[in-house]
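[1] with the input below, show me the fold.
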Amino acid sequence: MNLEAIKSEIEANVPGCQLEIIPNTSPSAQHSLLVDSAHALTVASFLRDGATVRLDYCSNVTGIDWPVKEVSTKTKVKKIVDGVEKDVDEVVKTQTGGYLEAVYHLYSMEQRQGPVILRMRTEDRTDRVHLPSFTPLWRSADFQEREIFDLFGIIFDGHPDLRRLLMWEGFVDHPMRRDYVDPDDYEYEPTAHDEVLKRAREHQSAEGGL
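    Got it, this is the predicted structure:
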């Protein structure tokens with residue numbers, strides 16, 4: 001299945017959409033297609049009903065947290081050193097990340113092809129975390145989008161029943177975020193670990209419980 005051909009077919013049928021092929025350098029070489037959230041639902045609908053590939057089944061939906069990361073790269077710049085122009089190494093720092101992703105693995109059961117991997121990104125990790133829900137198109141995305149909402153904090157607009165799946169209502173934070181900090185007030189740990197017990201005792205001591 002040629003991802004370039006799929007990308008070209010989408011662009012010819014969904015005007016204005018922004019698509020980018022994200023390469024995968026691992027042995028699986030499963031490259032993916034990043035779509036802008038504004039056109040994502042239209043693109044997904046076309047992939048299911050109008051595209052040559054007819055992606056009628058969503059097998060898996062995952063979330064990814066990409067915190068802001070500082071990257072340092074060396075570059076050559078020309079500078080005057082002791083009155084002479086020379087090429088000097090200079091470190092340039094840039095920032096990447098600062099968003100959440102939802103990743104969908106799509107198949108065609110009719111044509112026995114796939115997966116086509118479709119990605120969406122939020123604008124940031126704090127306030128602008130809305131993405132369109134694909135549950136109206138693929139019912140199998142229902143609980144998986146709820147899990148991502150629960151553990152990563154992506155809000156799927158148009159989901160028919162968006163509420164926490166694993167954590168309880170009222171729970172603060174999202175446990176799969178990379179900057180999530182485990183609580184230190186565990187009252188019971190079925191398989192007690194030294195580090196957990198140490199933190200629990202320290203918490204209880206600070207609260208006057210010991």
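[2] ok now the helix or strand harbouring residue 4, how far from the chain's centre?
    For residue 4, the host element (DSSP states H and E) is helix 3-13. Centroid separation between helix 3-13 and its chain, computed with C-alpha atoms, centre = their mean, to the nearest Å, is 23 Å.
[3] other SSEs contacting it?
    Judged by 3 or more C-beta pairs under 8 Å, 6 or more residues apart in numbering; DSSP states H and E, helix 3-13 is in contact with strand 19-22, strand 32-35, helix 37-49. Bear in mind the C-beta positions are built from the backbone N, C-alpha and C, glycine included.
[4] list the buried residues of whichever helix or strand comes after the last one.
    Put plainly, it is helix 37-49. Later in the chain than helix 37-49, the nearest helix or strand by DSSP H and E is strand 57-66. Across strand 57-66, burial judged by 16 or more other C-beta atoms under 10 Å covers 57, 58, 61, 62, 63, 64, 65.
[5] CSV for these, including pLDDT?
    Below are the buried residues of strand 57-66 laid out as CSV (pLDDT from 0 to 100):
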residue, pLDDT
57, 97
58, 98
61, 98
62, 97
63, 98
64, 97
65, 96
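[6] if we can go back for a sec, among the helices and strands packed on helix 3-13, show me which one is buried the most.
    strand 32-35 (a mean of 21; mean count of other C-beta atoms under 10 Å).
[7] using CSV, write out every CA atom in the helix or strand of the chain with the lowest mean pLDDT.
    Within the chain, confidence by mean pLDDT, DSSP states H and E is lowest for helix 194-206 among all helices and strands, at a mean of 73. Extracted in CSV, the C-alpha atoms of helix 194-206 (Å, rounded to 0.1, in the frame of the first residue of the first chain):
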residue,chain,number,x,y,z
ASP,A,194,10.2,-0.6,48.9
GLU,A,195,10.0,2.8,47.1
VAL,A,196,6.2,3.0,47.4
LEU,A,197,6.3,2.1,51.1
LYS,A,198,9.0,4.6,51.8
ARG,A,199,7.1,7.4,50.2
ALA,A,200,3.9,6.4,51.9
ARG,A,201,5.6,6.4,55.3
GLU,A,202,7.1,9.8,54.6
HIS,A,203,3.7,11.2,53.6
GLN,A,204,2.0,9.8,56.7
SER,A,205,4.8,11.1,58.9
ALA,A,206,4.4,14.6,57.4
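[8] sketch out the low-pLDDT regions of this structure for me.
    Filtered on pLDDT under 70, the chain yields the residue ranges 1, 184-193, 207-210.
[9] still on that earlier bit, now, which of the buried residues of strand 57-66 sits nearest residue 20?
    Nearest to residue 20 among the buried residues of strand 57-66: residue 64, at 15.7 Å, using C-beta to C-beta.
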